[in-house]
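Novice: Here is the input, now give the coordinates:
(one chain, ligands or ions: 1)
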Amino acid sequence: MKIGVFGTGIVGRTIAARLVELGHSVSMGTRSPADTLARSGPDPMGNEPVSAWLKQHPQIKLVPYAEAAREGEILVNATNGSGSLDALRAAGEGNLNGKILMDISNPLDFSRGMPPTLFISNTDSLGEQIQRTFANLKVVKTLNTMNAQLMVNPRSLADGNHTVFLSGNDAGAKETVTTLLRSFGWKDILDLGDIGTARGVEMYLPVWLRMWSALQIPSFQIKVVR
Ligand SMILES: NC(=O)c1ccc[n+]([C@@H]2O[C@H](COP(=O)([O-])OP(=O)(O)OC[C@H]3O[C@@H](n4cnc5c(N)ncnc54)[C@H](OP(=O)(O)O)[C@@H]3O)[C@@H](O)[C@H]2O)c1
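Specialist: Numbering: from 1, shown residues only. Predicted coordinates:
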């Protein structure tokens, strides 16, 4: 399939690389390809510059958000939560309409240092804001509750015997995302319900961050034992 991945950070890169490995064609969206390619140092998270990373992934095209949205049959939001709505506006409503958006973003606010707080919570979520703003987009929140490497290689931990969540209003979109997740290696995919349930998985982040701090490793996961 043709997939448009919005975001050039570690999540966008990890998802894009795995999709290519699985035989998909990927356009990676950014605000300005020229500006993104001109960055020469590591990003704030210590990742190598996008230009160096792209040299190792020549099948992936770096394009403006609108082009990634236009080309993608399925879309992935891996942009910073604070910029997700702006990124989608730049993608253009006409390019989004009717498509599935796998939304991995989290509403993290780093303005007061670590650990970050949530800039949306309790009575709303970023997933819902995206769905409300782009009514014809089929938003499916998923994968936001774990570290990027686990998203695409769940079997690297406990043989994949742990849980990923889905939240979204459209049953067909959730089915398509489930197929994609299974292709990544996921076995336990728990559908929480409509996009309103994204509040729960986004509000898990403060717990994730404390566990990260206590464990000092990012490779841990939720396993829902029935
Ligand atoms: N890191 C993880 O392991 C992890 C795990 C779970 C969920 N998440 C969530 O996944 C998302 C991506 O995380 P990340 O660490 O890969 O990258 P990030 O640094 O959070 O986001 C980088 C991307 O956001 C875009 N962006 C930032 N501000 C923007 C704005 N105002 N308008 C448009 N685009 C904007 C950047 O655009 P340019 O390309 O133009 O610079 C870049 O593509 C986040 O929402 C994060 O909370 C991350």
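Novice: What residues does the residue lying closest to G72 once chain neighbours are set aside make contact with?
Specialist: Spatial nearest neighbour of G72, chain neighbours left out: G4 (2.5 Å); criterion: C-beta to C-beta, 6 or more residues apart in numbering. For glycine as for every other residue, the C-beta is placed from the backbone atoms N, C-alpha and C. When contacts are counted by C-beta atoms under 8 Å, 6 or more residues apart in numbering, G4 touches V26, S27, G29, A68, A69, R70, E71, G72, I74, L75, V76.
Novice: Contact distance from the ligand - what residues of this structure qualify?
Specialist: 7-12, 30-31, 36, 45, 78-81, 83, 86-87, 104-106, 108, 144, 147-148 (C-beta under 6 Å from any ligand atom).
Novice: Name the single longest helix found in the chain.
Specialist: helix 171-184 (DSSP state H).
Novice: tell me the contacts of the residue most central in space within the chain?
Specialist: Most central in the chain under C-alpha atoms, centre = their mean is I104, positioned 2.7 Å from the mean C-alpha point. Going by C-beta under 8 Å, 6+ apart, I104 touches V11, I15, V76, N77, A78, K141, T142, L143, N144, M151.
Novice: re earlier: rebuild the contacts of G4 as JSON lines, extending it with neighbour count and secondary structure.
Specialist: Formatted as JSON lines, these follow (neighbours: other C-beta atoms under 10 Å; DSSP: H, G, I helix; E, B strand; the rest coil):
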{"residue": "V26", "neighbour count": "24", "secondary structure": "strand"}
{"residue": "S27", "neighbour count": "23", "secondary structure": "strand"}
{"residue": "G29", "neighbour count": "32", "secondary structure": "strand"}
{"residue": "A68", "neighbour count": "27", "secondary structure": "helix"}
{"residue": "A69", "neighbour count": "27", "secondary structure": "helix"}
{"residue": "R70", "neighbour count": "18", "secondary structure": "helix"}
{"residue": "E71", "neighbour count": "18", "secondary structure": "helix"}
{"residue": "G72", "neighbour count": "26", "secondary structure": "coil"}
{"residue": "I74", "neighbour count": "21", "secondary structure": "strand"}
{"residue": "L75", "neighbour count": "27", "secondary structure": "strand"}
{"residue": "V76", "neighbour count": "30", "secondary structure": "strand"}
